[in-house]
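K.L.:
Fold the following, please.
(one chain, ligands or ions: 1)
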Amino acid sequence: MTLSIRPIDPVSRPFFGGVASGIDITRPITRDQAAEIEKGMDQFGVMVFHDQRFTDDSQIEFSRHFGELEFATNNLRTDKEQRLGAHIADISNLDAQNNVLARENRRRLFSLGTRLWHSDSSFKTVPAKYSLLSARIIPSKGGNTEFADMRAAYDALDADTKAECEPLICEHSQLYSRAQIGFGDFTEEERRQFAPVQQRLIRRHPSTGRKSLYLASHAGTIVGWPVPEARAFLRDLIEHATQRKFVYAHQWTQFDLVIWDNQATMHRSRPFDATEPRDMHRTTVAGTRSTMAEAA
Ligand SMILES: [Fe+2]
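P.N.:
Numbers count the residues shown, from 1 in each chain. Modelled structure (predicted):
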């Protein structure tokens, strides 16, 4: 069998969300196969591969076909609280002994920020290209991940709004996204670590050249705007961009590997029973430049 990619929902969303079959990506793939997957990503923004039984090593090896990997920041974990290696973001509700975190656990509460729409690492100067999420243990129900197509959302803006957004620069920080869920329990060092970075509101995809809205709940200000006006404007844009017609909701099965392009999508996690383990391992491919380096 060879790699084939088809739309997940050819009727409602023929250009957003693809499902790949005919390939075992846990084993070494060829350069041509990697190029085909990247082409699929350019078209669909999100791609699902079912039944891929990755180890952390094989996931890292596969991910490296698409660029340099980010070092994981791992949500306030101290060194002795780390469960996983430097290139694996620990998207779990587990402690270092694999016990489910208590409801009031600080790291758990911080991680609830992923329930808000965002694009991974938009708070880094050079933000992420792809995120690759491998479902190792999933809860009995809930815990979907939803994806929004920011290219389609941009295209659907009226001409005046496009023109208004075009020159705008936002400041992104995890302090802003966590403030929205009432989490402000940061140390001085964390506050320094989470200092805001600037990103263009409209970005151009490095490979396809398509424009998209670069939004995230991490965006808390627009340069030169009063803060309340900026927040209200960004909130309206997120509301526009996450209308159901732009959204694919992924219901996980164990061993799914989902890749999304942070340069063209937003995503958010959905709730699940906090007493059940959920263990997802993410590798993150770094982008190659800040959106600030793009010509206006
Ligand atoms: Fe995320």
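K.L.:
drop to CA atoms for contacts and neighbour counts, all remaining ones
P.N.:
Will do.
K.L.:
any idea whether the closest residue to residue 8 other than its chain neighbours is helix, strand or coil?
P.N.:
Once its chain neighbours are removed from consideration, residue 8 has its nearest residue in residue 18; the separation is 5.1 Å (C-alpha to C-alpha, 6 or more residues apart in numbering). Using DSSP: H, G, I helix; E, B strand; the rest coil, the structure places residue 18 in strand.
K.L.:
Beyond the helix or strand containing residue 60, next helix or strand please.
P.N.:
Element membership for residue 60, per DSSP states H and E: helix 56-63. Scanning the chain past helix 56-63 towards its C-terminal end, the next helix or strand to appear is strand 89-92 (assignment: DSSP H and E).
K.L.:
Just checking: what are the partner strands of that following strand?
P.N.:
According to DSSP bridges, strand 89-92 has the following sheet partners: strand 279-286 (antiparallel).
K.L.:
how big is the angle separating the strand it pairs with from helix 56-63?
P.N.:
Orientation note: strand 279-286 sits at an angle of 30 degrees relative to helix 56-63 (axes from the mean of the first three to the mean of the last three C-alpha atoms, to 10 degrees).
K.L.:
Averaged pLDDT, strand 279-286. What do you get?
P.N.:
Strand 279-286 shows a mean pLDDT of 98 in the predicted model.
K.L.:
Touching it from outside, list them.
P.N.:
The list of residues contacting strand 279-286 from outside it, by C-alpha atoms under 8 Å, 6 or more residues apart in numbering, reads 56, 59-60, 63-64, 66-70, 72, 87-94, 126-138.
K.L.:
Kindly write the PyMOL command that selects the buried subset of those.
P.N.:
Here is the PyMOL command that selects only those of the contacts of strand 279-286 that count as buried (16 or more other C-alpha atoms under 10 Å):
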select buried, resi 56+59+60+63+66+69+70+72+87+88+89+90+91+92+93+94+126+127+128+129+130+131+132+133+134+135+136+137+138
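K.L.:
May I have the helix holding residue 60 exported as PDB, CA atoms only?
P.N.:
Taking only C-alpha atoms (Å, rounded to 0.1, in the frame of the first residue of the first chain), the coordinates of helix 56-63 have been written out as PDB:
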ATOM      1  CA  ASP A  56       9.000   8.700  22.100                       C
ATOM      2  CA  ASP A  57      12.100   7.900  20.000                       C
ATOM      3  CA  SER A  58      10.200   6.900  16.900                       C
ATOM      4  CA  GLN A  59       7.900  10.000  17.300                       C
ATOM      5  CA  ILE A  60      11.000  12.200  17.500                       C
ATOM      6  CA  GLU A  61      12.500  10.500  14.500                       C
ATOM      7  CA  PHE A  62       9.400  11.000  12.400                       C
ATOM      8  CA  SER A  63       8.900  14.600  13.500                       C
END
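K.L.:
who does it touch, helix- and strand-wise?
P.N.:
Under the contact criterion of 3 or more C-alpha pairs under 8 Å, 6 or more residues apart in numbering; DSSP states H and E, the helices and strands touching helix 56-63 comprise strand 279-286.
K.L.:
please redo it, this time with the cut-off set to 10 Å
P.N.:
With contacts defined as 3 or more C-alpha pairs under 10 Å, 6 or more residues apart in numbering; DSSP states H and E, helix 56-63 has these neighbours: strand 128-137, strand 279-286.
K.L.:
Enumerate every residue touching residue 222.
P.N.:
Residues touching residue 222, when contacts are defined by C-alpha atoms under 10 Å, 6 or more residues apart in numbering, comprise 168-172, 198-201, 228-231, 233-234.
K.L.:
where does it fall, phi/psi-wise?
P.N.:
Recorded main-chain torsions at residue 222 are phi -120, psi 130, according to degrees, to the nearest 10.
K.L.:
nearest residue to it other than its sequence neighbours?
P.N.:
Take residue 222 and drop its neighbours on the chain: the residue closest to it by C-alpha to C-alpha, 6+ apart is residue 170, 4.3 Å away.
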